[in-house]
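A.B. asks: sequence unknown, structure follows:
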């Protein structure tokens, strides 16, 4: 583990490229924390973008590594989420903000549009990417940060925002085909509240908003009862969270005579594999919407909104 003193020591030794250097650079170096922000920055700028947290990685507990430090110290533009998502990075990024272009893009959202963390009333739920309309405003904040740093995004912003708008339309159409009684999404941790608010679904996570919270036996029993009483056919694992608690739910429901399956692996705090459609923000959301609708009795095309999902997902 790298402590704060070691981190700052590495920064002190590393060269920094601030906004003046960026103006003279033919290819600015852009680094983001999460893949979702990286996808926005790539699509808007048309440039290579490095994401520190790749497929299957959990931003809630990820601590900066020496590789992360090196990438951050060399960046011309650093884009991070904020809202306590990358809690281990906060002080480091605040220090860097004095020397280079650093933007917490989700922090630009008005507080009245954010949902609260049920366990900490003074903290917002950071998982805003699950509402495409809300995420569009984060993309606009990415756009503003890039253009403010001298990166040209004029040719790409409208196209990318329209693609996100189409995701919202597809979600509303597909999710509306699920029988109303079964519009209950049960997942490994409480990451999908914005999805529930956007589309009128009940959402239940075994763990809290942070994956570092623990799921007790009482919570497992509560959700088993919910599944059995509502005859929910499927629950969902997540790509960045252990499936142990979900399997406990399945066993508990089975003991009461109700067969529930794993509907699919959803992408929650990280996107799909690099180089795939699911490894983009539109592909991530397309996959999730399609998987949820199909597993819970709705009607959605097997290959998703754009016909690009892998067969069987």
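C.D. replies: Everything's here; your move. Predicted model only: the values in this text are computed from it and were never measured.

A.B. asks: number of nearby residues for the closest residue to residue 115 other than its chain neighbours?
C.D. replies: Residue nearest to residue 115 in three dimensions, not counting chain neighbours: residue 125, with 4.4 Å by Cβ to Cβ, 6 or more residues apart in numbering. No exception for glycine: its C-beta is placed from N, CA and C like everyone else's. By other Cβ atoms under 10 Å, 22 other residues sit near residue 125.

A.B. asks: Residue 146 now?
C.D. replies: Neighbour tally, residue 146, other Cβ under 10 Å: 25.

A.B. asks: Could you report the pLDDT at the residue nearest the centre of the chain?
C.D. replies: The structure's the chain has its C-alpha centroid closest to residue 269; by Cα atoms, centre = their mean the separation is 4.0 Å. On pLDDT, residue 269 comes in at 90.

A.B. asks: residues in contact with it?
C.D. replies: Neighbouring residues of residue 269 by Cβ atoms under 8 Å, 6 or more residues apart in numbering: 34, 57-60, 127, 191, 211, 238, 240-241.

A.B. asks: Next one: the nearest residue to residue 28 once chain neighbours are set aside, what pLDDT does it get?
C.D. replies: The shortest distance from residue 28 to any non-neighbouring residue, by Cβ to Cβ, 6+ apart, is to residue 76 (4.1 Å). Residue 76 carries a pLDDT value of 96.

A.B. asks: doesn't residue 45 make contact with residue 76?
C.D. replies: No - look at residue 76 against residue 45 with Cβ atoms under 8 Å: they stay out of range, at 11.3 Å.

A.B. asks: Report the set of residues contacting both of these two.
C.D. replies: Listed as contacting both residue 76 and residue 45 by Cβ under 8 Å, 6+ apart are residue 30.

A.B. asks: Low-confidence stretches in the stretch 1-150 of the chain?
C.D. replies: For the stretch 1-150 of the chain, the stretches with pLDDT under 70 are 1-26.

A.B. asks: dump the residue contacts of the residue in the chain sticking out farthest from the centre.
C.D. replies: Distance from the C-alpha centroid of the chain, by Cα atoms, centre = their mean, peaks at residue 257 (34.8 Å). Residue 257 makes contacts with residue 228, as judged by Cβ under 8 Å, 6+ apart.

A.B. asks: For residue 262, pull up the helix or strand it's in.
C.D. replies: If you go by DSSP states H and E, residue 262 is part of strand 261-266.

A.B. asks: what is the mean pLDDT for that strand?
C.D. replies: On average, strand 261-266 scores 91.

A.B. asks: Okay, buried residues for it please.
C.D. replies: Under the neighbour-count criterion of 16 or more other Cβ atoms under 10 Å, strand 261-266 has 263-266 buried.
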